[in-house]
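>>> For reference, the sequence and a predicted model appear below.
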Amino acid sequence: MLQSSVLYAQNNKNINDSIVLSKYQNTLNTLTETIQQNQQFYKAVAIVENAYFDTLDIEDFIKEKAKKISGVVKMHIANNRLIKYNAFDSINYRVNASIHSVIADTTKFILKDTTISIAPFSFNFTDPLGKKDIINTFVSKLLATRQGNCQSLTYLYKILADKLGAKCWIALAPGHMYIKNYSEKVGWYNTELTSATFPSDAYIMASNYINPKAVMSGLYMDTLSNQQAIALCVLDLAHLYERQTKNYYDGFILKCCNLVLKYHPVNPMALLLKAETLKKALIREKSTFYPRLTSTKKEMENTYLKLFDLGYREMPLKMKRQKQKEEKENAKKHLNDK
C-alpha cells in the first residue's frame, strides 16, 4: 500500500499558503534537531520526504527497505572474499565494494541449487532531475522502482554504509553528487553510481567545469561530514517549498539556506539558492516601491562575491548540455553491459 502511494501520490496544489508554511516550518524545526544532535542520515531523508507525502510513514518504509538491501549486501560480502586485500581496513573496503555491487550490478546467489538474481538500481532516464515530478528525486521512489538519479543513488549508498558500519562520504560537483571512499592501499577514490564507474579527480574536474580554486576552497569535491550530509536534506526541503509555493519572500527558503551554511559554510547550492532568493526579493522590493531601505541588495552582493571568491563558475550552457548527454550515454552503456 505504501509503495503504491509513493509511486502515485500527488501534491495538493490548493492547500492554503499559511498551512503549507506551518507544515514546512515544523519540518525544519525537526531537521534542526536532527542536525544539532548529529542523528542518522536516513532520518533526515525521511523527514523531508514525509513533508511532501504528509500521511505516509516514509521513515519506516526507508528503514525496512534498507534492512532488506543490507541483508543482500551481507550475503554478497560472504560470497565475495577479497583475499588479496589484507590491510587493517579490509572489512570497510569489502563492505563498500559490496554496497557498490548490489546497487550497480545484478546480484546472483545460489541457494539450494537455485540461482537467485536480484536486479540492480538504475538511472531514471525519463525525468532524472524531477522536473516533471519531484518525487523522481526521492529515495523512497528509488526504493519503490529501483530507478533514481545521482542524488537518490548517493543517498541510498550512504544510508546502507551507515547501517552496515562502513565509512564513506558524500561529495559535490556542479549539479551532481557522488561518493568518496578511502582505503589504506588505494587511498582516496571516487564512486560514481549513475554509471558504476570510479572516475579520477582530474576527470571529475574536467567533465564538470570545476575551477581548481573551487577544489582548494572546499566548494566542490570535498568530503561531507554526517552533519553536512544532513544539511543537504535541509536544502532539499527548501527546494520542495520552492517547488510547491514559489514563495521567495516569506523568509523560509533563506532560513533553510542559513541553517545549511551554519554547518557547511561553503555549500555551493545553499549559497547559490540564497543569492537567487535575495535577488528575487530585491526585484520585488523595487517593483513595489518598498518604503524603506533594506539590507537585501548588500547581502545578495556579498553572497555572490563569496561564491566567486570560492571559485564558483557557471558552466557554459553548451557544455552543460553535453555533460547531461554524456551522463545519459554512460548510464545506458552501463545498463546494457549488465
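Now that the structure is in, tell me what you want to look at.
>>> Not including adjacent chain positions, what is the nearest residue to Lys167?
Asn92 (5.7 Å; C-beta to C-beta, 6 or more residues apart in numbering). C-betas here are computed from N, CA, C, even on glycine.
>>> Thought Ala171 was touching Thr223, still the case?
Yes: with contact defined as C-beta atoms under 8 Å, Thr223 reaches Ala171; the gap is 6.2 Å.
>>> for the residue nearest to Lys167, what are its contacts?
Counting by C-beta atoms under 8 Å, 6 or more residues apart in numbering, Asn92 touches 166-167, 183.
>>> which SS class is it?
helix (DSSP: H, G, I helix; E, B strand; the rest coil).
>>> Could you list the low-confidence segments of the stretch 51-200 of the chain?
Counting by pLDDT under 70, the stretch 51-200 of the chain has low-confidence residues at 55, 82-83.
>>> Now do the helices in it.
In the stretch 51-200 of the chain, the helices defined using DSSP state H, counting those that start in this stretch lie at 58-79, 90-104, 139-145, 150-164.
>>> Any chance you could list what contacts the longest one?
For helix 58-79, contacts defined as C-beta under 8 Å, 6+ apart pick out 2-3, 6, 42-43, 45-47, 49-50, 94-95, 98-99, 101-102, 107, 109, 118, 139-140, 143, 156, 159-160, 163-164.
>>> try stretch 235-246
11, 13, 17, 20-21, 24, 27-28, 31, 48, 51-52, 134, 247-248, 252-253, 256-257, 260, 267, 269-270, 273.
>>> What mean pLDDT does stretch 270-285 get?
Mean pLDDT, computed over stretch 270-285, is 93.
>>> buried set for it?
Buried residues in stretch 270-285, counting neighbours by 16 or more other C-beta atoms under 10 Å, are found at 270-282, 285.
>>> before we move on, what about stretch 61-72?
61-63, 65-66, 69-70, 72.
>>> hang on, the earlier thing: and the contacts of stretch 235-246, which of them are buried?
For these, buried by 16+ other C-beta under 10 Å: 11, 20-21, 24, 27-28, 31, 48, 51-52, 134, 247-248, 252-253, 256-257, 260, 267, 269-270, 273.
>>> residues near Ile116, how many?
12 (other C-beta atoms under 10 Å).
>>> For it, which non-adjacent residue is spatially closest?
Phe109 (4.7 Å).
>>> what's the answer for Lys23, then?
Using C-beta to C-beta, 6+ apart, the closest residue to Lys23 is Ala51 (6.5 Å).
>>> That neighbour and Thr27 touch, don't they?
Yes: Ala51 is within contact range of Thr27, at 4.2 Å (criterion: C-beta under 8 Å).
>>> quick one: the residue nearest to Leu219 when sequence neighbours are not counted from Lys213, how far?
Spatial nearest neighbour of Leu219, excluding adjacent residues (C-beta to C-beta, 6+ apart): Leu310 at 4.5 Å. Using C-beta to C-beta, to the nearest Å, Leu310 is found at 7 Å from Lys213.
>>> Between these two, which is the more surrounded one?
Leu310 (19 against 15).
>>> is it true that the more buried one touches Val215?
No: using C-beta under 8 Å, Leu310 is not in contact with Val215; the gap is 10.2 Å.
>>> related to what we said a few turns ago, do you know which of the helices of the stretch 51-200 of the chain lies nearest Val234?
helix 150-164 (13.7 Å; C-beta to C-beta).
>>> Just the CA trace of the closest one, in CSV.
What follows is helix 150-164, C-alpha atoms only, in CSV (Å, rounded to 0.1, in the frame of the first residue of the first chain):
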residue,chain,number,x,y,z
CYS,A,150,22.7,10.8,-8.7
GLN,A,151,21.2,12.3,-5.6
SER,A,152,18.9,9.4,-4.6
LEU,A,153,21.5,6.8,-5.5
THR,A,154,24.2,8.6,-3.5
TYR,A,155,21.8,9.0,-0.5
LEU,A,156,21.0,5.3,-0.6
TYR,A,157,24.7,4.4,-0.7
LYS,A,158,25.3,6.4,2.5
ILE,A,159,22.2,5.0,4.2
LEU,A,160,23.4,1.5,3.6
ALA,A,161,27.0,2.3,4.6
ASP,A,162,25.8,3.8,7.8
LYS,A,163,23.6,0.8,8.6
LEU,A,164,26.5,-1.6,7.9
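>>> how far is that helix from where the chain is centred?
Its chain's C-alpha centre and that of helix 150-164 lie 9 Å apart, by C-alpha atoms, centre = their mean, to the nearest Å.
>>> since we're on Asp57, how many residues are nearby?
Residues contacting Asp57 under the criterion other C-beta under 10 Å number 12.
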